[in-house]
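Q: Based on what follows, work out the 3D shape:
(one chain, ligands or ions: 1)
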Amino acid sequence: MTAEFDYDLFVIGAGSGGVRAARMAASKGKKVAVAEERYLGGTCVNVGCVPKKLFVYASQFPESFHASKGYGWSSAEAPTLDWAVLRDNKTAEIERLNGIYNSMINNSGADLFGGRAIVTGPHQVEVNGKGYSAKVILIATGGWPYIPEFPGSDLAISSNEMFFLDELPKTAVVVGGGYIAVEFAGILNGLGVETHLIYRGPNLLKSFDREMSDKVTDGMVAKGVHMHLSTQINEIVKTDAGISVVLDNGSSLEAGLALYATGRQANTAGLGLEHTNTVLRPNGSIVVDDNFATGDPSIYALGDVIDRVQLTPVAIQEAMVLVDHLYGDGSARIDYGDIPTAVFCQPELGTVGLGEEQARTEYSDIDVYVSDFKPMLQTLGGGNDRITMKLVVDRASDLVVGCHMVGEHAAEIIQGMGIALKAGATKAHFDATVGIHPSAAEEFVTMREKTR
Ligand code: NDP
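A: Okay, here's the model as predicted:
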């Protein structure tokens, strides 16, 4: 370390990206500090990916109970849900993970400060009333749910609160058409809550392949979600029984809660960035260059706070690239292309590469292969689920440029497809791959007939 500074690296925010950067820098012998005001592990561990997935599992049991009958199982009583047990078991698991994060940071040799850090200069940070100097400051403060202001918006809650509800409502209104809205609509519906999904646009998940997002919409409706597309909310009013959500078509919905999943904004307010040359976009996110440097050469930022791709594994990769830039040979790069992603809605959506519409704008001729079938589980189990798989192929090069799936295990299957696309797999490679039988995934290597 340069003696003139207390730390080589001062990380603000102990989420996925911040912790990875801190640990890697410390492993390279750097003197590192991490400040966290809220919870170790950030959004993903505490109010995001991890507890959400636990809730998704919980919400899928009723379908399994139903399917089990066709496989010969019976039970004297219908299973019932104890929400408090689910919520509290989830919280205990998250606290276990908080402990692991605590050990990981401490074992790395980094100093951990519990408190809000404020940047007081290009090399200065203040936390718990004490100032520290650092050669490099890394801002990894993530994002926070955004709820638009309108009459009664203070009655709406965000995904943060969903993880700690005192009780499950009988009826819920979920607003938004992105990841969080569709995921929570599926969770609530699966847990037995009458669920209304309200989205202002005509198509959910609008940045995804349209055919696949339509399959998600149809599948959600088939599972019982009440869908209100092209619909806005005028106001929310408090009632004796809960809330009344007034729609722009003149009708209203009586509900126990209104979850607004209307995006997330960068956590930069009150960070003291006015004391630096850091440049913010109008939405508060931090502008960085290819090496994650802000307008101030000693200040870097990554993860949700830079608003490039708000995904945990992306923040982690960005952290590894940054540490290589600062303390390695600087050769590491992040490729934002072909990032596999999954939406844990029900039915699940997994995707990597280009959607059909996007591929048509980027390539002159594409071939599209689509397969739609009933999952084998349902032969005896009943149920109406379908699986849809889709390959988008550039005809000139035979490269598979998009791979999409809606249905059970989509996330697990698309992860492997992500490797194939990263490796430059052609349709011929897919065709030459032997299937695993019987599986749903084998369909990806047996699609011979072009659909379009
Ligand atoms: P998204 O950006 O995905 O979706 C926000 C939704 O809210 C859009 O449908 C948008 O509509 C709508 N919206 C925005 N403003 C308003 C408004 N004023 N009134 C009504 N509707 C509005 O954000 P999320 O909150 O769902 O998730 C944030 C990010 O977190 C995601 O983008 C994703 O990167 C990440 N995430 C990832 C998950 C995963 O990997 N499985 C899970 C959950 C989150 P419109 O489209 O019309 O603008």
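Q: Now do the helices in the chain.
A: Using DSSP state H, the helices of the chain run over 16-27, 42-47, 49-70, 83-108, 159-162, 179-190, 210-222, 312-327, 356-362, 377-381, 410-422, 427-432.
Q: quick one, which of those is nearest to T171?
A: Nearest to T171, of all those, is helix 179-190, at 9.3 Å by C-beta to C-beta. C-betas here are computed from N, CA, C, even on glycine.
Q: returning to that earlier point: what's the closest of the helices of the chain to the ligand?
A: Minimum separation from the ligand across the helices of the chain (C-beta to the nearest ligand atom) falls at helix 179-190, 3.4 Å.
Q: so what does that closest one touch, helix or strand wise?
A: With contacts defined as 3 or more C-beta pairs under 8 Å, 6 or more residues apart in numbering; DSSP states H and E, helix 179-190 has these neighbours: helix 49-70, helix 159-162, strand 171-175, strand 194-198, helix 210-222, strand 341-343.
Q: quick one on the thing from earlier: make TSV out of the helices of the chain and add mean pLDDT, mean neighbour count and distance to E254.
A: Shown next, in TSV, are the helices of the chain (pLDDT from 0 to 100; neighbours: other C-beta atoms under 10 Å; distance: least, C-beta to C-beta, whole Å):
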stretch	mean pLDDT	mean neighbour count	distance to E254
helix 16-27	98	26	39
helix 42-47	98	24	27
helix 49-70	97	17	23
helix 83-108	98	15	20
helix 159-162	98	18	19
helix 179-190	98	25	15
helix 210-222	98	19	21
helix 312-327	98	21	36
helix 356-362	98	14	38
helix 377-381	96	15	35
helix 410-422	98	19	34
helix 427-432	98	15	50
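Q: Alongside the ligand, which residues does the protein contribute?
A: 148, 176-181, 183, 200-201, 206, 261-264, 310-311, 341-344 (C-beta under 6 Å from any ligand atom).
Q: Derive a ChimeraX selection command for the buried subset of the residues you listed.
A: Buried residues among the residues of the chain next to the ligand (16 or more other C-beta atoms under 10 Å), as a ChimeraX selection:
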select :176,177,178,179,180,181,183,261,262,263,264,310,311,341,342,343,344
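Q: Kindly list the longest strand within this structure.
A: Ranked by residue count and defined by DSSP state E, the top strand of the chain is strand 130-139.
Q: Contacts made by that strand with the rest, please.
A: 1-2, 4-13, 18, 21, 33, 119-120, 122-126, 268, 271, 273, 278, 286, 294, 298-302, 305, 322, 326 (C-beta atoms under 8 Å, 6 or more residues apart in numbering).
Q: Apart from its chain neighbours, what residue comes closest to S75?
A: In this structure, S75 finds its nearest non-sequential neighbour in F65, 7.9 Å apart by C-beta to C-beta, 6 or more residues apart in numbering.
Q: then stretch 183-190 to PDB, C-alphas only?
A: Taking Å, rounded to 0.1, in the frame of the first residue of the first chain, the C-alpha atoms of stretch 183-190 are listed here in PDB:
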ATOM      1  CA  GLU A 183     -42.100 -13.400 -10.700                       C
ATOM      2  CA  PHE A 184     -44.100 -12.100  -7.800                       C
ATOM      3  CA  ALA A 185     -47.400 -12.600  -9.600                       C
ATOM      4  CA  GLY A 186     -46.400 -16.200 -10.000                       C
ATOM      5  CA  ILE A 187     -45.400 -16.600  -6.400                       C
ATOM      6  CA  LEU A 188     -48.500 -15.000  -5.000                       C
ATOM      7  CA  ASN A 189     -50.800 -17.000  -7.300                       C
ATOM      8  CA  GLY A 190     -49.000 -20.200  -6.400                       C
END
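Q: Residues touching it, excluding its own?
A: 52, 55-56, 58-63, 159, 162, 168, 172, 174, 195, 197, 220, 223-225, 259, 261, 343-346.
Q: Pull the distance from that stretch to the chain's centre.
A: From the chain centre to the centre of stretch 183-190 is a distance of 15 Å (C-alpha atoms, centre = their mean, to the nearest Å).
Q: Great, nothing more from me.
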